[in-house]
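In: Quick one, fold the following:
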Amino acid sequence: MLKIKESYLNIFTQTLYWFLFLTTLALISSRVFPHSDALITLKYIGFSLPRYWFIFFCLLLTTQWKRLSTFKKYSLPFIIATSFYYLDFQLNIITKTLNTKDFPSYTLVSANLGEGVELERLEYIIRLYNPDTFVFQESQNLSGFKTFKNYPFKDCKGHLCFISKHEFKMVNFLGNSMFDGYGNWAAFYEVNINNIKVNIANVHLPTVRRAFSNFHNFDAVHSNRVIAAGILNQWASLKENVIIAGDFNMTVTDNLYQRNFTNYQNAITDYGIGFNNTFDYIYRGFSIPGVRVDHILFSGDYNIEKASVLVNLGGDHRPVLSKFTIDNGEE
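Out: Prediction:
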């Protein structure tokens, strides 16, 4: 009986190890070969799952340490490190560049309001952080809300809202009609910050979830995401002093993110600490920590002073905040 038990434990341990090892290779391949869509279906499945499962299985494997070969023991720390990468754990302990020229700071908050918003929480964020600008996705027209009485400049169309204390110019927008949807998935603005024209995009890229509601749509959904990310990257490459903020519907480990957005500063990736998921999985009243799909990206000479994920406003997404300055070159 004992030998049978030992045999089953050995089989379980070896199976679990190779499963985690192959999963690690798939995750690393997204970073090393971002233009390859190999195993894309499995990666989308991995995207749709709460990510703590990986580190849980890693910890479970460590309990069977004595059953691992020398190679497997040496490779296990690499697998565990990858689990933290998959979990999107930030450990930024390097001191940030100081604002030695005393430029005025600018605070931007991005939030998806798809599941609703509690105005008391929103008002609390305004009192606590005094943001200069909000960019909202999946929002109704918020122009008339008394909450924004100190924000005179507003643009709310196609479920995207840009609300600011500073005057801006609405340049263009892109509609979801190109993806057989409704509303807008991107809106582009020009704002003057510290005497510099800054180009800001408020975005809500196509979601992965449509692929799982009807698997026959998988190729179309993936194609739409490739097109949207490519358009956004192309727009940013033609502009200076770019900020892209919103719900990207992709994590930093996603092929499309690695393919299009690694050249930009990511406020949370580069300056956050710990686990900073922005989307929670909610099922029958239970909330499970999910993934970070909401980002604020910067190109140009920005100094990020603060970056954090805030408490949710009543829905399944958490807002992202970034406080920054931009150098206008003046002495």
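In: in stretch 251-259, what's buried?
Out: By neighbour count with 16 or more other CB atoms under 10 Å, stretch 251-259 contains the buried residues T251, V252, T253, D254, N255, L256, Y257, Q258, R259. (Glycine included, C-beta is placed from N, CA and C.)
In: Run through the strands of the stretch 51-200 of the chain in chain order.
Out: Along the stretch 51-200 of the chain, the stretches classed as strands by DSSP state E, counting those that start in this stretch are 89-91, 106-112, 133-137, 153-157, 160-164, 168-175, 184-193, 196-204.
In: Return the distance of R127 relative to L59.
Out: 41 Å (CB to CB, to the nearest Å).
In: hang on, I meant C161
Out: From C161 to L59 the distance is 42 Å (CB to CB).
In: next one: F103
Out: Counting by CB to CB, the gap from F103 to L59 is 46 Å.
In: between those two, which one's more packed in?
Out: F103 (16 against 11; other CB atoms under 10 Å).
In: Would you agree the more buried one is in contact with N194?
Out: Yes. Judged on CB atoms under 8 Å, F103 makes contact with N194 at a distance of 5.6 Å.
In: Give the next helix or strand downstream of the helix-or-strand element of the chain with minimal mean pLDDT.
Out: Every helix and strand of the chain was ranked by mean pLDDT, DSSP states H and E. The lowest is helix 209-213, at a mean of 63. Next helix or strand after helix 209-213 toward the C-terminus (DSSP states H and E): helix 218-237.
In: contacts for the next helix or strand after that next one?
Out: Using DSSP H and E, the helix or strand that follows helix 218-237 in sequence is strand 242-247. Residues outside strand 242-247 that contact it (CB atoms under 8 Å, 6 or more residues apart in numbering): 108, 110, 112, 135, 137-138, 198-205, 232, 236, 261, 264, 293-300, 302, 317, 320.
In: let's see it at 7 Å
Out: With contact meaning CB atoms under 7 Å, 6 or more residues apart in numbering, strand 242-247 is reached by 108, 110, 112, 135, 137, 198-204, 232, 236, 293-294, 296-300, 317.
In: Quick check on those residues: which are buried?
Out: 108, 110, 112, 135, 137, 198-204, 232, 236, 293-294, 296-300, 317.
In: Phi, psi for the residue nearest the centre of the chain please.
Out: Centroid-nearest residue in the chain, with CA atoms, centre = their mean: V293, separated by 2.8 Å. When read as degrees, to the nearest 10, the backbone of V293 gives phi -120, psi -10.
In: Ok, G183 next?
Out: Dihedral angles for G183 - degrees, to the nearest 10 - are phi 80, psi -170.
In: Just to check, it is in contact with G158?
Out: Yes. Assessed by CB atoms under 7 Å, G183 is found in contact with G158 at 4.2 Å.
In: quick one: buried residues of the longest helix along the chain?
Out: Longest helix of the chain, by residue count under DSSP state H: helix 2-32. Using 16+ other CB under 10 Å as the test for burial, helix 2-32 gives T13, Y17, L20, F21, T23, T24, A26, L27, S29, S30.
In: try stretch 131-149
Out: Buried, per 16+ other CB under 10 Å, within stretch 131-149: 131-139, 142, 145, 147-148.
In: Ok, stretch 43-52 next?
Out: K43, Y44, G46, F47, R51, Y52.
In: try stretch 68-87
Out: Buried-residue list, stretch 68-87, by 16+ other CB under 10 Å: L68, K72, S75, L76, I79, I80, T82, S83, Y86, L87.
In: Over to stretch 278-293?
Out: T278, F279, D280, G290, V291, R292, V293.
In: Output these as JSON lines; include the columns pLDDT and secondary structure.
Out: Formatted as JSON lines, those follow (pLDDT from 0 to 100; DSSP: H, G, I helix; E, B strand; the rest coil):
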{"residue": "T278", "pLDDT": "92", "secondary structure": "coil"}
{"residue": "F279", "pLDDT": "87", "secondary structure": "strand"}
{"residue": "D280", "pLDDT": "79", "secondary structure": "strand"}
{"residue": "G290", "pLDDT": "81", "secondary structure": "strand"}
{"residue": "V291", "pLDDT": "88", "secondary structure": "strand"}
{"residue": "R292", "pLDDT": "92", "secondary structure": "coil"}
{"residue": "V293", "pLDDT": "94", "secondary structure": "coil"}
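In: Return the closest of those residues with respect to N92.
Out: Minimum distance to N92 across those is 14.2 Å, recorded for R292 (CB to CB).
In: how far away is the closest one from Y257?
Out: R292 is 10 Å from Y257, by CB to CB.
In: same thing with A236?
Out: 13 Å.
In: average model confidence for stretch 7-24?
Out: Averaged over stretch 7-24, pLDDT sits at 91.
In: what residues does it touch?
Out: Against stretch 7-24 from outside (CB under 7 Å, 6+ apart): F54, F57, C58, L60, L61, Q64, R67, L68, K72, S75, I79, T82.
In: Which members of the residues you listed are the farthest-apart pair?
Out: R67 and T82 (20.8 Å).
In: in the sheet, who's paired with T133?
Out: L108, S164 (DSSP bridges).
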